[in-house]
Structure formats: C-alpha cells, structure tokens
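Colleague: the following comprises the amino acid sequence and a computationally predicted model.
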Amino acid sequence: MTTRDLLEETYSAVTVNKVRSGLTMLGIVIGIASVIALVAVGQGSQASIQASVDSLGANLVMITPGAQASFGSGVRAAAGSAQTLTPDDATAIESVNNVEAVAPEVSGRYQVVYKANNANTSVMGTTPAYEQVRNVQVSDGNFFSDTDVTDSNLVAVIGPTVLQDLFAPDANTSATPDMAIGQQIRINGNIFTVIGITVAKGGSGFSNQDDMIYVPLTADQHYLLGSSAYVTEVDVEASTQSAMTQVQNDITTLLEQRHNISASQSPDFTVLNQASIVSTASSVTGTFTTLLAAIAAISLVVGGIGIMNMMLTTVTERTREIGLRKAIGAKKRDITLQFLAESVMLTFTGGLIGIVLGWLAATVISLVTGVATSVSIPYILLAFFVSAAIGIIFGYYPARRAAGLNPIEALRYE
Amino acid sequence: MEKDIIVCKDIKKVYGTGETAVTVLKGITFSIKEGEFVAIMGPSGSGKSTLMHILGALDTPTSGHYHLDGKDVSKLSDEELADIRREKIGFVFQAFNLLPRTSVLRNVSLPLIYANMPKIKREEIAKKALNDAAFPEAFWPYHSNQLSGGMMQRVAIARSLVNNPALILADEPTGNLDSKTGEIVLHTFQNLNMTQGKTVVLITHEPYVAQHADRIIHIRDGNIVTDEKNHKKLIARKEKDIPHDNT
C-alpha cells in the first residue's frame, strides 16, 4: 500500500462520519488549545517581568543600608532605614574593578505644589550618573548636570505622572511638556525650576518610575533631607553582565572593610544583583507556567483516551471490512498502518485546530485582560509533536487489535 | 491436457485439542483443472465452509497438502497466505462485503491497492472488470450502498476479477438475492467461465444453484460423498431474457 493510497483511505474513513470524528477531535483541540494559550500567558508574564526588571537599568547592582536595630531593644525597623551608607562609600565604590557608573541616591516623599495643584510624590536626589545607571531617558529638556550637583542648584526633572498631576489644566486635559519646563514648583516649600521631563516607563513592579521627581543630590541633602551624612541607596552599573557577580562580591568586601565588619558579623548593608532579581522572578513565573501546562496536559490525556475509545468502536464496527481487506490480501502491517493513520490524522488535525484556537485565545486574553501573552514557535512544534504522538500511542492498541482479527471470523461478524 | 489449478491430498482439519477435538474434514482428496466450473455442495455442518476457507487460503489444513496453481499453500504463515490471496484468489461472498459510502470504482480497485499498483492503472483494470461482470456503466458513479443487491454482487464479482486470479471462489453468492437476480449472477459466472476460461468454485447448499456448474462435489460429515460431472447443466438466462421488474 503506497503512502498516497494510505492517506486517501484514511481521509475517506475519517470523513465518512464527520460528526463523530469532529467530536473525537474536540478533546485534542481543547487540550492543545489550552496548552498553547496557558503557556502563552505564562511566558508572556515572564517576558513582561523580565522587561520591567531590565528597564530598571542594565547590569544593575543595588546597595541598600541594612535594617536599623535600636541598641538593646532588639526591635528592627524596615530594611533600608539605617543611615550607614555614606556618600564616601559611593565614591569608594567607583574604584572597584568593572564598575561603569555609580549613582548615590537619597529619596523621600514630599508634598509638591504648582499653583493650585499639588501632589505627594517621591523625590530622588542623585547625580547625573543615575541617568545611565537606571536607564532614565529625558523626553523634553535636560537631565541636570554635574555642575548642578556641585552647586546644589534647585532644579528638577519630573516624571510624566507628576507632569500630569501638577500641570494639567483640568482632569480631562493632558499636560504638555511646554507647560512645565521653566516653571517653578515647590517641593516641601523649596522652589525648584523644572528643566526636564522623563520618558514614560510604566510601573516596574517595585515603584512607579513615572511618578518621580529627580533633583541634584546635594540640593536634596541641603534643602529637603537636611543632612549630607548618608545616602539611602547606591546604584552601580557593572560594565558587563558576566562581571556582575565579581562586582557584587568586591563591593561587599570593600564596604565590610570600610564599615569595620568582620566576617562573622552580618553586614549593615545589602548588595542586590539585578540578575538574581530576574532569576527569582523568572523561577516564580516558570513554576507558574509549568503548573498551567500540567493542568492543560491533563485535558490532552483525556482527549487521547477519547481517541482510543472511538478507534476501538470503529474497529468493532468495521470488523467485516477488516475481514474483507484481509481476504483480498491486506497484511497485518497494512491494517495496523491504516488504523494508526486514522487516529494520527484525527489528533493531527485536532492539534492544528487547537494551535489556531489557542493562539486566538491567547490574543483575546491579552486584549481583554491586558496580560501580556507570547506564543512561541517551539511550543507550537511541541504541540504538533505531542498531538501526533498521542495519535500513535492511543491508536496503537486499537490498530493492533484490528490487525490481529482472524479474517474468517471477521467476515462472519454480524 | 489442462493443468490442475487445485490439488487437495488427504486434507484434514481438526478444531480444538484432546477430548474436545472436533474433526471437521476427514481426508478430502480431489483436484480441479484450469477452466472448470465446480460446485461444492453440502448441508450446513458438512465442512464445506471449512473447505472453502482452506481453498481460499484463509486457513490451513491440520494435515494433508493443498496445492494452488502449483504452489503448496498448506504450510504457509498468515502473512504468506495474504500474499497468495492477493495474487491468486478472487472472493465473492454471500453478503457482498463492499465498503459502504465508497464509490463502485474504488470498491472494485481495492485489492490492487494492496498490490501497490498506481491509481490510473488500477482504475483502468477496474473498469474492464466491471464490464466483464456485466455491471452497467450508468451505475459507475454510484456509491456501493445506493445499489440493489444484484448490482452489489456484480461489483463484488468485478472486485474478484481485478487481480486476474487463478481461482474465483464464490461462497453462496446467490444466498442474499431473489431467484431472478440470482439467475443473473449465475449467468455472470457462467459467462466468465465459458468466454474467459476462468476457474470458478461455487460453494452452495442449494441444488438448483449447483446445477449451473460443470461438476458437482457433494460433501457430508467431512467426507466427499460424490464427485461427478453434471450432465444436466443448466444455463442461466441473461438479464435481458428475464422479464424483470426494477431490481
């Protein structure tokens, strides 16, 4: 029997009973579609988490002070509240190998006023290096310069959310950058001149980088914080991704020396590596994706059993036909192949429809819920492979049963 | 002298083993020459079906030898039997056994699919076989289940011809037909036998049907009772000679 004849025979056998073939296929369709759709949701969220972590800045190492414990009471305040990290630490870190840029930061929330509008927002005092380290882009105007930092100039770069909150004429009109640049705003009572607007980045999962005002570090320390003794965070950009671990370790050693911390003590600071944040986040979403895929795989197995059930029914129904085929010279192999081809054709077609439906479902999910989805080619190929494999696995037993029929008894079967 | 197509020597068939063993054929010996039209007759339980299965290479004898077209098929495996059936035997069954919802042409060419013949050649042979089986061309586009019994049996006869078999084996071919259509089918067999020299073996329990053959072998209780020339051979009427209503 040639392959072409086999396909023709199979096609006519499958299309003879369209409703039944369709219903049987439905199990596989639903199984494959749900695998594709759910994995797309899982991978989409993984990708979007990755993207927002990346938007924090490339090759980022973050140093925050440890938690402050008041002596004797043992009560700990929130991590980062200690005032152990100094601007000198930041300067020292600049000499560590493979460090590209260092941005010390102080931050706080203040009331900000422009004319009749006011907002409560984060104010970040930092240096121009921040622009590079945290991947901040200015859409209009400029970021402040080193001179602004040296001179403690009262200038501010504002995020698009702040722009809207302070400068929009009313709630329904959006503010343009022109309305803000050159204007004076009051931060905690101090007058700052707006010199730039940052590009919208969206929430990063840690803080909203659009609802933020950047001012020179020294200006913040003098006018807002009232102290130049400490910083609340130091952000470091490593030169390459592979150097991140080395940079992290060297900074830890350096700060331990500077803070007189022996190896047995726990340090009064934390060095966080962006890569470790990414890997934590992606391991969470990876587990999530696996869980979704596992649930969907169950429906695939159920669909496979449906195929087997229908194939067994078909074999019984067509006993006489099998007897005839054997009487006119079909071999066991011919019969096995024919029935296997039927189940594979069912699962394969089901798989194809399932892929299309799953893709559509993923698109609809992302349109309706706003969750990012990504349908990946390897998963489509996998789905193809799996649906064909299901056809072979669940079609094999019925096919062997058909091939094993005794032609004499099969011809007599009523 | 014409050659022997079928040579059976002391064929025995036993079902079961030990005390429950049943001997269905108790030593059958006969031969059939090329171009003969033989009827094998016997009541039910006589062993004629078992003999038919052995002659049709669907089964093998417990002992004895069966030569078909010069080849000993009594000791072959299942797969080798399938080859013999494909190459040397054309079956016609009482219940027609056509594939339902499948075209006439496809039904007829089905045996050739297993012989790996290309489609164009297959259909060419199938059309010739349909003509030989007196199947009217007007019905060719129909599906098998849209045909009357007589037409279905003629499709089955055409199917038995496509592999150019050494032997056409017809098992109660008129059993599901009324006497008029039965007559037409018998005429088709006689015609194939006389004009094309096909060897036909007809298995039946109806004396009237058996009377259409050249030679009648009677079987009873697993033995051949009589094996003689049929001197009162009936010639079946052709379709156009029968005043028939719509078949």
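Modeller: Alright, I've got the coordinates.

Colleague: quick check: next helix or strand after the helix or strand harbouring A:Thr193?
Modeller: Per DSSP states H and E: A:Thr193 is located in strand A:190-198. Per DSSP H and E, strand A:190-198 leads on to strand A:212-216 as the next helix or strand towards the C-terminus.

Colleague: that following strand vs strand A:190-198, what angle?
Modeller: Interaxial angle, strand A:212-216 versus strand A:190-198 (axes from the mean of the first three to the mean of the last three Cα atoms, to 10 degrees): 110 degrees.

Colleague: okay, now the sheet partners of the strand holding A:Thr193, with direction.
Modeller: Note on strand A:190-198: by DSSP bridges, its sheet partners are strand A:138-141 (antiparallel), strand A:155-158 (parallel), strand A:184-187 (antiparallel).

Colleague: any stretches of chain A with poor pLDDT?
Modeller: A:67-82, A:202-207 (pLDDT under 70).

Colleague: how about 50 then?
Modeller: Along chain A, the model assigns pLDDT under 50 to residues A:69-70, A:73.

Colleague: please, where are all the helices along it?
Modeller: Assignment of helices within chain A using DSSP state H yields the ranges A:3-16, A:18-54, A:87-93, A:129-133, A:146-150, A:160-167, A:177-180, A:217-219, A:244-258, A:274-317, A:319-327, A:332-369, A:377-403, A:407-412.

Colleague: how about chain B?
Modeller: With DSSP H as the criterion, chain B has helices spanning B:48-55, B:78-88, B:104-113, B:119-132, B:149-161, B:179-196, B:207-210.

Colleague: pull out the buried residues from the fourth one.
Modeller: In terms of neighbour count (16 or more other Cβ atoms under 10 Å in any protein chain shown), helix B:119-132 has its buried residues at B:122-123, B:125-127, B:129-130, B:132. Backbone N, C-alpha and C define where each C-beta goes, glycine included.

Colleague: contact partners of that helix?
Modeller: With contacts defined as Cβ atoms under 8 Å, 6 or more residues apart in numbering or on different chains, helix B:119-132 is touched by A:4-5, B:104-105, B:108-109, B:112-113, B:117, B:137, B:140, B:154-155, B:158-159, B:161-162, B:192, B:196.

Colleague: save the helices of chain A as JSON lines, and put in mean neighbour count and distance to A:Leu225 too.
Modeller: Formatted as JSON lines, the helices of chain A follow (neighbours: other Cβ atoms under 10 Å in any protein chain shown; distance: least, Cβ to Cβ, whole Å):
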{"stretch": "helix A:3-16", "mean neighbour count": "16", "distance to A:Leu225": "76"}
{"stretch": "helix A:18-54", "mean neighbour count": "21", "distance to A:Leu225": "28"}
{"stretch": "helix A:87-93", "mean neighbour count": "18", "distance to A:Leu225": "12"}
{"stretch": "helix A:129-133", "mean neighbour count": "22", "distance to A:Leu225": "16"}
{"stretch": "helix A:146-150", "mean neighbour count": "14", "distance to A:Leu225": "14"}
{"stretch": "helix A:160-167", "mean neighbour count": "22", "distance to A:Leu225": "19"}
{"stretch": "helix A:177-180", "mean neighbour count": "17", "distance to A:Leu225": "24"}
{"stretch": "helix A:217-219", "mean neighbour count": "23", "distance to A:Leu225": "10"}
{"stretch": "helix A:244-258", "mean neighbour count": "17", "distance to A:Leu225": "21"}
{"stretch": "helix A:274-317", "mean neighbour count": "17", "distance to A:Leu225": "26"}
{"stretch": "helix A:319-327", "mean neighbour count": "24", "distance to A:Leu225": "88"}
{"stretch": "helix A:332-369", "mean neighbour count": "20", "distance to A:Leu225": "42"}
{"stretch": "helix A:377-403", "mean neighbour count": "19", "distance to A:Leu225": "51"}
{"stretch": "helix A:407-412", "mean neighbour count": "18", "distance to A:Leu225": "92"}
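
Colleague: which residue, neighbours along the chain excluded, lies closest to the closest residue to chain B within the stretch 151-300 of chain A?
Modeller: Nearest to chain B in the stretch 151-300 of chain A, going by Cβ to the nearest Cβ, is A:Leu300, at a distance of 31.0 Å. Spatial nearest neighbour of A:Leu300, excluding adjacent residues (Cβ to Cβ, 6 or more residues apart in numbering or on different chains): A:Gly31 at 3.3 Å.

Colleague: identify the bridge partners of the spatially most central residue of chain B.
Modeller: Centroid-nearest residue in chain B: B:Leu169, 1.8 Å away (criterion: Cα atoms, centre = their mean). Beta-bridge partners recorded for B:Leu169 (DSSP bridges): B:Phe91, B:Val201.

Colleague: residues in contact with it?
Modeller: So B:Leu169 contacts B:52, B:55-56, B:89-92, B:160, B:201, B:203 (Cβ under 8 Å, 6+ apart).

Colleague: recalculate using a threshold of 10 Å.
Modeller: Counting by Cβ atoms under 10 Å, 6 or more residues apart in numbering or on different chains, B:Leu169 makes contact with A:327, B:40, B:52-53, B:55-58, B:85, B:89-93, B:160, B:199-203.

Colleague: quick one: it from B:Val92, how far?
Modeller: According to Cβ to Cβ, to the nearest Å, B:Leu169 stands 7 Å off from B:Val92.

Colleague: how about chain B: which residue is closest to chain A?
Modeller: B:Arg86 (2.4 Å).

Colleague: next, count neighbours for that residue.
Modeller: Using other Cβ atoms under 10 Å in any protein chain shown, B:Arg86 has 20 other residues around it.

Colleague: that older thread, from the contacts of helix B:119-132, which would you call buried?
Modeller: A:5, B:104-105, B:108-109, B:112-113, B:117, B:154-155, B:158-159, B:161-162, B:192.

Colleague: next, format the helices of chain B as a markdown table and append mean pLDDT.
Modeller: Output for the helices of chain B, formatted as a markdown table (pLDDT from 0 to 100):
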| stretch | mean pLDDT |
| --- | --- |
| helix B:48-55 | 92 |
| helix B:78-88 | 92 |
| helix B:104-113 | 92 |
| helix B:119-132 | 92 |
| helix B:149-161 | 93 |
| helix B:179-196 | 91 |
| helix B:207-210 | 92 |
